[in-house]
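Participant: Provided below for reference: sequence and predicted model.
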Amino acid sequence: MNFNLRTRLSFMMFLEFFVWGSWYVTMGTFLGANLGARDQDISLAFSTQSFGAIIAPFIVGLIADRYFHAQRILGVIHLIGAGLMYLLYQSDDFSVFFPLLLVYMILFMPTLALVNSISFNQMKDPAKEFSIIRVWGTIGWIAAGILISWMAWDSQAGMANGLLRNTWLMASVVSVILGFFSFTLPQTPPRADRSTDFKLSELLGLDALSLLKHRNFAIFFISSILICIPLAFYYQNASPFLTEIGVENSTGKMTLGQISEVLFMLALPIFFSRFGIKKTLIVAMLAWAARYLFFAFGNADEQVWMLLVGIALHGVCYDFFFVSGQIYTDAHAGTKFKSSAQGLITLATYGVGMLIGFWAAGHISDYFLIAEGDHDWKSIWLIPSGISVLVLLFFMSLFKEEKIKPINNL
């Protein structure tokens, strides 16, 4: 891949995740501070990601794979998304905000597959080339968080003046840039044969359900769904938690999670090949339990280091479970179910698992609401920590060690 093409694809990834990171991290804080949303309202807003993940295969599989060029769909979606982001920027009531966000996420979630498809279509050796492109997405997310904190939109003074609302305007502007830029990307024509019959089971990855006949894969599949319940607590509650207890520049500090994600992504192939799939997944689940313990007992003063460690553990939590899980799924799927199996795992985790998690996090946060804008965060964080331990014990007792061929370049 020549330098010009690599630069264009990297810029695409940077913008894609900059748009997402511009508002997703601080949405819970924004809804509480600007729209007076309750905890259950906030959980409903975050659940739009799950609804988008469930519906995404229809858009990608039925439209992008069969009828239109991927780069053109990407451009159209982001231009529409820019308009929706601007309307969200102007929203003053949750009843108006939620349906706009739901439509946006149904459109946005398929773009995560589209940017991958556009990239893979230009690569001769994706195993070696994709990580170089994809890492710019993480850098884009980090840049958005640092920019928000640098402009003090997430500070106590910034929120008091309603500046956190600007995150939606920033996402709208960048989405316009990505929308027009997408039309300049390399041609990525549809690959599916339109003459063949449309199969819903194949689109959703349901034809890969036969893999559940393998005991180990079934245990991994169930554990993947269950571990997404505590994961939802982090996405939904971390920013409001840090803001409420008085951590300044919290959005910038939360980019430590993405920085660690890059570092542990590089360490994963070594760990995976040396210790195997079971130990890798166990370390990930231990990290989930540990991070929530750090959140439970940390504070914004002398124990702030505990909060920073908890954030930095995101790399272990995400890479060691989800990325290694993708490798494990690919190894079990074989050629026949390679795409279907990944689709099934995505539907189960980001769809079903996190939908349950967001619902639970909303109800639990509401239950431990002491007063307006004041929660019993210690009790809240101990619950996902306990759930992580239970999932860990379930996995350790039933999953048998097995050897699979590791991927040395992610």
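Facilitator: That came in fine, so what should we check first?
Participant: Residues contacting stretch 348-363, please?
Facilitator: If you take C-beta atoms under 8 Å, 6 or more residues apart in numbering as the criterion, stretch 348-363 is touched by 39-44, 46-47, 49-51, 53-54, 221, 224-233, 235-237, 322, 384. All C-beta spots, glycine's among them, are computed from the backbone N, C-alpha and C.
Participant: Inside strands: which ones of those?
Facilitator: Cross-referencing the contacts of stretch 348-363 against strands under DSSP state E gives no overlap.
Participant: Show me how to select, in PyMOL, the buried members of those.
Facilitator: Selection command for PyMOL covering only the buried members of the contacts of stretch 348-363, criterion 16 or more other C-beta atoms under 10 Å:
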select buried, resi 39+41+42+43+44+46+47+49+50+53+54+221+224+225+226+227+228+229+230+231+232+233+235+236+237+322+384
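Participant: Identify those among the contacts of stretch 348-363 that sit within helices.
Facilitator: Counting by DSSP state H, the part of the contacts of stretch 348-363 found in helices is 39-44, 46, 49-51, 53-54, 221, 224-233, 235-237, 384.
Participant: Identify the residues contacting Asp319.
Facilitator: Glu261, Phe264, Met265, Leu268, Ala284.
Participant: and with 6 Å instead?
Facilitator: If a contact means C-beta atoms under 6 Å, 6 or more residues apart in numbering, then Asp319 has Phe264, Met265, Leu268 as its contacts.
Participant: Could you measure from the most centrally placed residue in the chain over to Ala171?
Facilitator: Taking C-alpha atoms, centre = their mean, the centroid of the chain lies closest to Tyr350, which sits 7.8 Å from it. Going from Tyr350 to Ala171 by C-beta to C-beta, to the nearest Å gives 20 Å.
Participant: Pull the number of nearby residues for the nearest residue to Trp377 once chain neighbours are set aside.
Facilitator: With C-beta to C-beta, 6 or more residues apart in numbering as the criterion, Trp377 has its nearest non-adjacent residue at 5.5 Å, and that residue is Phe241. Look at Phe241: counted by other C-beta atoms under 10 Å, it has 23 neighbours.
Participant: And the one 4 residues further on, by the same measure?
Facilitator: Look at Ile245: counted by other C-beta under 10 Å, it has 18 neighbours.
Participant: Repeat that for Arg274.
Facilitator: Count around Arg274 with other C-beta under 10 Å applied: 10.
Participant: Quick one, grab the pLDDT at it.
Facilitator: For Arg274, the pLDDT comes out at 84.
Participant: roughly how far out does stretch 307-316 sit from the chain middle?
Facilitator: 15 Å (C-alpha atoms, centre = their mean, to the nearest Å).
Participant: Could you do stretch 388-399 as well?
Facilitator: Put simply, stretch 388-399 sits 23 Å off its chain's centre (C-alpha atoms, centre = their mean).
Participant: Dump the C-alpha coordinates for that stretch into CSV.
Facilitator: Output of stretch 388-399 as CSV, limited to C-alpha atoms (Å, rounded to 0.1, in the frame of the first residue of the first chain):
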residue,chain,number,x,y,z
SER,A,388,-17.2,-9.7,36.7
VAL,A,389,-16.0,-12.1,39.5
LEU,A,390,-19.1,-14.3,38.9
VAL,A,391,-18.5,-14.4,35.2
LEU,A,392,-14.8,-15.2,35.8
LEU,A,393,-15.7,-18.1,38.1
PHE,A,394,-18.2,-19.4,35.6
PHE,A,395,-15.6,-19.3,32.8
MET,A,396,-12.8,-20.8,34.9
SER,A,397,-14.8,-23.7,36.1
LEU,A,398,-16.3,-24.7,32.7
PHE,A,399,-13.9,-23.6,30.0
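Participant: List the buried residues for that stretch?
Facilitator: Residues of stretch 388-399 classed as buried by neighbour count (16+ other C-beta under 10 Å): Ser388, Val389, Val391, Leu392, Phe394, Phe395, Phe399.
Participant: I'd like those residues written out as JSON lines, with secondary structure added.
Facilitator: JSON lines is the format used below for the buried residues of stretch 388-399 (DSSP: H, G, I helix; E, B strand; the rest coil):
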{"residue": "Ser388", "secondary structure": "helix"}
{"residue": "Val389", "secondary structure": "helix"}
{"residue": "Val391", "secondary structure": "helix"}
{"residue": "Leu392", "secondary structure": "helix"}
{"residue": "Phe394", "secondary structure": "helix"}
{"residue": "Phe395", "secondary structure": "helix"}
{"residue": "Phe399", "secondary structure": "coil"}
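Participant: Between those, which sits nearest Met85?
Facilitator: Ser388 (33.5 Å; C-beta to C-beta).
Participant: Hmm, Leu31 is touching Leu44, no?
Facilitator: No: using C-beta atoms under 6 Å, Leu31 is not in contact with Leu44; the gap is 9.7 Å.
Participant: What separation is there between the residue nearest to Trp377 and Phe368?
Facilitator: 11 Å.
Participant: Next: Arg165.
Facilitator: Distance from Arg165 to Phe368, by C-beta to C-beta: 27 Å.
Participant: More neighbours: which of those two?
Facilitator: The neighbour comparison of Arg165 against Phe368 (other C-beta under 10 Å) goes to Arg165, with 20 against 17.
Participant: For the stretch 251-400 of the chain, which segments count as strands?
Facilitator: For the stretch 251-400 of the chain, applying DSSP state E, counting those that start in this stretch gives strands covering 369-371, 374-375.
Participant: hey, which of the ones you listed is tucked in deepest?
Facilitator: strand 374-375 (a mean of 16; mean count of other C-beta atoms under 10 Å).
Participant: circling back to that earlier point, reformat the strands of the stretch 251-400 of the chain as a markdown table; add mean pLDDT and distance to Arg72.
Facilitator: A markdown table is the format used below for the strands of the stretch 251-400 of the chain (pLDDT from 0 to 100; distance: least, C-beta to C-beta, whole Å):
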| stretch | mean pLDDT | distance to Arg72 |
| --- | --- | --- |
| strand 369-371 | 87 | 46 |
| strand 374-375 | 89 | 45 |
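Participant: Select, out of these, the one closest to Val309.
Facilitator: Of these, nearest to Val309 by C-beta to C-beta is strand 374-375, at 21.2 Å.
Participant: Outside of the closest one itself, list whatever touches it.
Facilitator: Contacts for strand 374-375 (C-beta under 6 Å, 6+ apart): Phe368, Leu369.
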